[in-house]
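J.: Provide a 3D model corresponding to the input given below.
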Amino acid sequence: MSWLFDVDRMVIDTRRSSRLCVLCKGAHLLCGKNRCPIVVRASVMYEAVRYFDKLDVEGSSPPGVFVGRFGYPRVYVGPLTPPFKGDTRILDTPEYWFGMSIEDIVRFRSILLRGEKPLHVDSASNPDELLQTLQEIAMSQKPVDLEVKLARKPRVSLILDDEVQPLGASAPISKIRLEGNIYVDRRIEEAYYDRDLRAVDAVFDLYRSGVPVSSIQKAFSLGLLGVGSNRRLVPTRWSITAVDSMISEKLLGNVKRYPPIPVYLLFESVYLDNRFEILMIPGFWSYESIEAWYPKTVWNPDGRMPIVEGDWEGYHGRRSYAAIGGCYYAARLAVAEYLDSIRRQASVLILREVHPGYIMPVGVWHVREHVRNALKRKPMVYQSIGEALSRISERLEIPLEIWVEHSRLLRRELYQQRIRSYVSGS
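T.: Sure thing, here's the model as predicted:
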């Protein structure tokens, strides 16, 4: 769902409006949600609009940059800048956000001005002055003080996407000026100057050296990594999933050499009205992620029943893009991290229920951090699949038979269990 608050006309356009919303006007919660998404967004944007009624914005970029995807291969690129200075890292570092409310996350994002300048994706290999400045921002470890001159007053809007963090006001850039020093992350700088290092290797080297995943995604998006002549700008939406995928595949190369876990491990997490059950099954690597979207949630607004979708991969991975999008790869990264840390492999099943309290998408980061949070906790240990599924059925509302119907891994495990029982009893 997207909406636009037009400063001149003072109109809210819901773009997926319904008679129910017109009758309710956010007062009666007729949609069944416990908070009205339009009211939440409108209240935040009313707070932000007073900051952006001008052509000059001075502030400390978190550091943040954004590369759009519309018009590809000519895309809009620019910095993310709040209208104030200071330590603004929390505004564009999703690793800090787990446990915060949707309102807080949207408020962070709404006060970031998204500058826009059209550039061809190939320009990353030979950047002009503007792109060089943006690349320096993407390499910084600390907030960068900027003065951004705009070609027109910002368009105050809030763009919501299941892959990318919420985005606020935007305006075309006429000029960017750096104020003060940039504290360059030497690890990213070294990867930038190594023009013979493949992007996939650079991404994993940065990850292993402790650079946050969100910072690697920015560097990859701004064309800082890879063989020099092949460097490209990568839309932010695509770079997020690409980095999650590359890191997890590298980690899994190690994981597949480890022995399987000897028992069933179950991890749980609840946040933003999302419930996660992560089941690790003894055996060689395979992976499946299944989501159940309840009625009155973002992607099932008018349904009468939960919608269940998922995708999976076997030991040798997958070649096609997962049906459920970036969430698949974000969760896979968190799982691969855990298995690599305990030096074991397993068959991993993630079951996710999305309930009506998840009133708007906040980006794929929350799935990665959700699973990371679950895997930091002590697992529940079971000797049989039946014991583990009994616990899952207590925690999730979707009946167990529905999960089994949609899960290749569960059907395989239950079928193999029956065969083992038959052979042992014969």
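J.: separation between residue 137 and residue 108?
T.: Distance, residue 137 to residue 108, using CB to CB, to the nearest Å: 18 Å. Every residue, glycine included, has its C-beta placed from N, CA and C.
J.: Helices of this structure, residue ranges please.
T.: 19-24, 37-49, 102-110, 129-139, 186-193, 199-208, 213-221, 236-255, 326-342, 365-375, 385-395, 400-406, 408-425 (DSSP state H).
J.: now these as JSON lines including mean pLDDT and distance to residue 152?
T.: Converted to JSON lines, the helices of the chain look like this (pLDDT from 0 to 100; distance: least, CB to CB, whole Å):
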{"stretch": "helix 19-24", "mean pLDDT": "64", "distance to residue 152": "31"}
{"stretch": "helix 37-49", "mean pLDDT": "70", "distance to residue 152": "15"}
{"stretch": "helix 102-110", "mean pLDDT": "87", "distance to residue 152": "19"}
{"stretch": "helix 129-139", "mean pLDDT": "96", "distance to residue 152": "17"}
{"stretch": "helix 186-193", "mean pLDDT": "98", "distance to residue 152": "33"}
{"stretch": "helix 199-208", "mean pLDDT": "98", "distance to residue 152": "35"}
{"stretch": "helix 213-221", "mean pLDDT": "98", "distance to residue 152": "25"}
{"stretch": "helix 236-255", "mean pLDDT": "98", "distance to residue 152": "23"}
{"stretch": "helix 326-342", "mean pLDDT": "98", "distance to residue 152": "32"}
{"stretch": "helix 365-375", "mean pLDDT": "96", "distance to residue 152": "31"}
{"stretch": "helix 385-395", "mean pLDDT": "97", "distance to residue 152": "51"}
{"stretch": "helix 400-406", "mean pLDDT": "96", "distance to residue 152": "49"}
{"stretch": "helix 408-425", "mean pLDDT": "70", "distance to residue 152": "52"}
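J.: would you turn these into a markdown table with mean neighbour count and distance to residue 273?
T.: Formatted as a markdown table, the helices of the chain follow (neighbours: other CB atoms under 10 Å; distance: least, CB to CB, whole Å):
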| stretch | mean neighbour count | distance to residue 273 |
| --- | --- | --- |
| helix 19-24 | 12 | 20 |
| helix 37-49 | 18 | 13 |
| helix 102-110 | 21 | 9 |
| helix 129-139 | 20 | 33 |
| helix 186-193 | 18 | 36 |
| helix 199-208 | 20 | 30 |
| helix 213-221 | 25 | 23 |
| helix 236-255 | 21 | 22 |
| helix 326-342 | 23 | 15 |
| helix 365-375 | 23 | 11 |
| helix 385-395 | 15 | 14 |
| helix 400-406 | 14 | 19 |
| helix 408-425 | 13 | 24 |
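J.: Distance to residue 313 added to these, as CSV?
T.: Formatted as CSV, the helices of the chain follow (distance: least, CB to CB, whole Å):
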stretch, distance to residue 313
helix 19-24, 40
helix 37-49, 34
helix 102-110, 30
helix 129-139, 31
helix 186-193, 28
helix 199-208, 18
helix 213-221, 20
helix 236-255, 10
helix 326-342, 8
helix 365-375, 16
helix 385-395, 20
helix 400-406, 15
helix 408-425, 10
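J.: Which one of the ones you listed lies nearest to residue 73?
T.: helix 236-255 (12.4 Å; CB to CB).
J.: From the chain's centroid, how far away is the closest one?
T.: How far helix 236-255 lies from its chain's middle: 12 Å, per CA atoms, centre = their mean, to the nearest Å.
J.: That helix packs against which elements?
T.: If contacts are counted by 3 or more CB pairs under 8 Å, 6 or more residues apart in numbering; DSSP states H and E, helix 236-255 sits against strand 65-67, helix 199-208, helix 213-221, helix 326-342.
J.: Show me the one of the ones you listed that comes nearest residue 153.
T.: Using CB to CB, the helices and strands packed on helix 236-255 put strand 65-67 closest to residue 153, at 18.9 Å.
J.: What strands flank the closest one, and is each parallel or antiparallel?
T.: Paired neighbours of strand 65-67 in the sheet (DSSP bridges): strand 74-81 (antiparallel).
J.: buried sites along the strand it pairs with?
T.: 75-81 (16 or more other CB atoms under 10 Å).
J.: Reformat the residues you listed into CSV and put distance to residue 213 next to each item.
T.: Listed next are these as CSV, based on distance: CB to CB, whole Å:
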residue, distance to residue 213
75, 22
76, 24
77, 21
78, 22
79, 20
80, 17
81, 22
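J.: Relative to residue 312, which of these is nearest.
T.: residue 75 (32.4 Å).
J.: How about the contacts made by the residue lying closest to the closest one once chain neighbours are set aside?
T.: Nearest residue to residue 75 in three dimensions, chain neighbours excluded: residue 68, at 5.0 Å (CB to CB, 6 or more residues apart in numbering). Residue 68 makes contacts with 75-77, 116, 235-236, as judged by CB atoms under 8 Å, 6 or more residues apart in numbering.
J.: Then residue 371?
T.: Residue 371 touches 269, 276, 278, 330-331, 334-335, 350, counting by CB under 8 Å, 6+ apart.
J.: just so I know, which of the helices of the chain lies nearest residue 309?
T.: helix 400-406 (8.0 Å).
J.: which helices and strands sit right next to the closest one?
T.: So helix 400-406, by 3+ CB pairs under 8 Å, 6+ apart, packs with strand 286-293, strand 307-313, helix 385-395, helix 408-425.
J.: Please tabulate these in JSON lines, including the columns distance to residue 161.
T.: Rendered in JSON lines, the data for the helices and strands packed on helix 400-406 read as follows (distance: least, CB to CB, whole Å):
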{"stretch": "strand 286-293", "distance to residue 161": "16"}
{"stretch": "strand 307-313", "distance to residue 161": "18"}
{"stretch": "helix 385-395", "distance to residue 161": "29"}
{"stretch": "helix 408-425", "distance to residue 161": "29"}
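J.: Residue 197 reaches residue 203, doesn't it?
T.: No. Applying CB atoms under 8 Å, one finds residue 197 not in contact with residue 203, separated by 9.9 Å.
J.: what do those two both touch?
T.: Joint contacts of residue 197 and residue 203 (CB under 8 Å, 6+ apart) are residue 225.
J.: that older thread, what would the contacts of residue 68 look like in CSV with distance to residue 311?
T.: Compiled in CSV, the contacts of residue 68 are given as follows (distance: CB to CB, whole Å):
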residue, distance to residue 311
75, 28
76, 31
77, 31
116, 34
235, 22
236, 23
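J.: out of those, which one sits closest to residue 223?
T.: Of those, the one sitting nearest to residue 223 (CB to CB) turns out to be residue 77, at 9.8 Å.
J.: on that earlier part again, right, so of the helices and strands packed on helix 400-406, which gets closest to residue 362?
T.: strand 286-293 (15.0 Å).
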